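Enquirer: got a predicted structure here, sequence first:
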Amino acid sequence: MEASEDGKIKVTVNGPYLVSGALPLARQTIVADDDGESVAWSEGERYHQHPHYALCRCGASHTKPFCDGSHMSAAFDGTETAVRAPYDELAEDIVGPDLILRDEVVLCADARFCHRAGGAWNLVKQEGEEAVETVRAEAELCPSGRYTAIDRETGERHEPDLPLSVGIVADPHEGVAGPLWVRGGVPVESADGHVYEVRNRVTLCRCGGSSNKPFCDGTHLEAGFHDDE
């Protein structure tokens with residue numbers, strides 16, 4: 001079964017994410033190096049593909065990543081608070097000699113790919129091919145789309161080639177489960193019918209604690225969120 005171009009994710013009122021269009025679902029693990037820096041992604045377990053499925057966003061389901069109705073007994077407040085303006089209107093530019101690093105900090109899901117080699121925000125100000133390639137790599141690995149690397153000369157945005165799919169993020173170095181990694185330009189529709197800006201990569205909260213719902217803000221780290229609870 002192939003993902004449909006009509007695939008989308010619907011946020012429900014104080015309830016789960018309803019996924020349609022046979023979007024593939026798989027575990028996506030943050031790989032850390034010996035220094036604990038996030039350096040790559042590793043795809044793991046693939047879940048049985050269905051045309052429609054419901055994913056937990058309250059953090060209380062006993063059948064994670066799927067919804068089991070626990071949001072009702074937990075009296076989950078899933079009110080969406082994210083600003084609805086486009087990314088380019090909200091992000092700030094860090095301008096370097098070769099690249100512009102566009103940054104919308106509110107979207108940060110604390111995956112930490114940007115920390116390597118002194119931080120993408122510092123590297124972008126340096127000259128040389130090595131710095132450029134590292135900044136590009138760090139920005140493209142960012143699951144939330146907080147960072148975008150843009151070529152100063154051509155205006156080209158460097159984006160990873162991501163399939164239409166949903167990833168269940170695991171962060172073993174920090175000992176937590178992470179957000180939903182929505183990939184390839186899947187529309188996300190709010191409970192009131194607003195369609196958020198369609199982007200190549202966004203992260204959706206699934207611990208229930210984000211202050212930027214439906215998007216992840218890294219709360220799963222401080223909350224110690226786990227899949228097996």
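Expert: Sure, I can see it.
Enquirer: C-alpha only now, for contacts and for neighbours.
Expert: OK.
Enquirer: residue nearest the centroid of the chain?
Expert: Thr203 (2.3 Å; Cα atoms, centre = their mean).
Enquirer: please identify the helix or strand for that one.
Expert: Secondary structure from DSSP states H and E places Thr203 in strand 201-204.
Enquirer: gap between the two ends of stretch 79-99?
Expert: Start-to-end span of stretch 79-99 (Cα to Cα, to the nearest Å) is 37 Å.
Enquirer: show me how the protein divides into domains.
Expert: As recorded under automatic domain parsing, the domains making up the chain are 8-27+43-82+164-223, 87-158.
Enquirer: first to last residue in the shortest one, what's the distance?
Expert: The first and last residues of domain 87-158 sit 15 Å apart, counting by Cα to Cα.
Enquirer: do the same with stretch 92-104
Expert: End to end - Cα to Cα - stretch 92-104 spans 6 Å.
Enquirer: before we move on, what about stretch 32-43?
Expert: End-to-end distance (Cα to Cα), stretch 32-43: 14 Å.
Enquirer: mind listing what's buried in it?
Expert: If you call a residue buried by 16 or more other Cα atoms under 10 Å, then stretch 32-43 has these buried ones: Ala32, Glu37, Ser38, Val39.
Enquirer: residues in contact with that stretch?
Expert: 26-31, 111-113, 115-116, 141, 173 (Cα atoms under 8 Å, 6 or more residues apart in numbering).
Enquirer: redo the domains of the chain as JSON lines? Include mean pLDDT.
Expert: Output for the domains of the chain, formatted as JSON lines (pLDDT from 0 to 100):
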{"stretch": "domain 8-27+43-82+164-223", "mean pLDDT": "97"}
{"stretch": "domain 87-158", "mean pLDDT": "96"}
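Enquirer: from the contact counts, what lies against the helix ranked longest in the chain?
Expert: Scanning the chain for the helix with the most residues, using DSSP state H, yields helix 129-141. Counting by 3 or more Cα pairs under 8 Å, 6 or more residues apart in numbering; DSSP states H and E, the packing neighbours recorded for helix 129-141 are helix 120-123, strand 147-151.
Enquirer: for it, C-alpha coordinates in CSV please.
Expert: Output of helix 129-141 as CSV, limited to C-alpha atoms (Å, rounded to 0.1, in the frame of the first residue of the first chain):
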residue,chain,number,x,y,z
GLU,A,129,33.3,24.3,2.6
GLU,A,130,33.4,22.2,5.8
ALA,A,131,31.4,24.7,7.8
VAL,A,132,28.9,25.1,5.0
GLU,A,133,28.4,21.3,4.7
THR,A,134,28.0,20.9,8.4
VAL,A,135,25.4,23.6,8.7
ARG,A,136,23.5,22.2,5.8
ALA,A,137,23.6,18.7,7.4
GLU,A,138,22.5,19.9,10.8
ALA,A,139,19.7,22.0,9.4
GLU,A,140,18.4,19.1,7.2
LEU,A,141,18.5,16.6,10.1
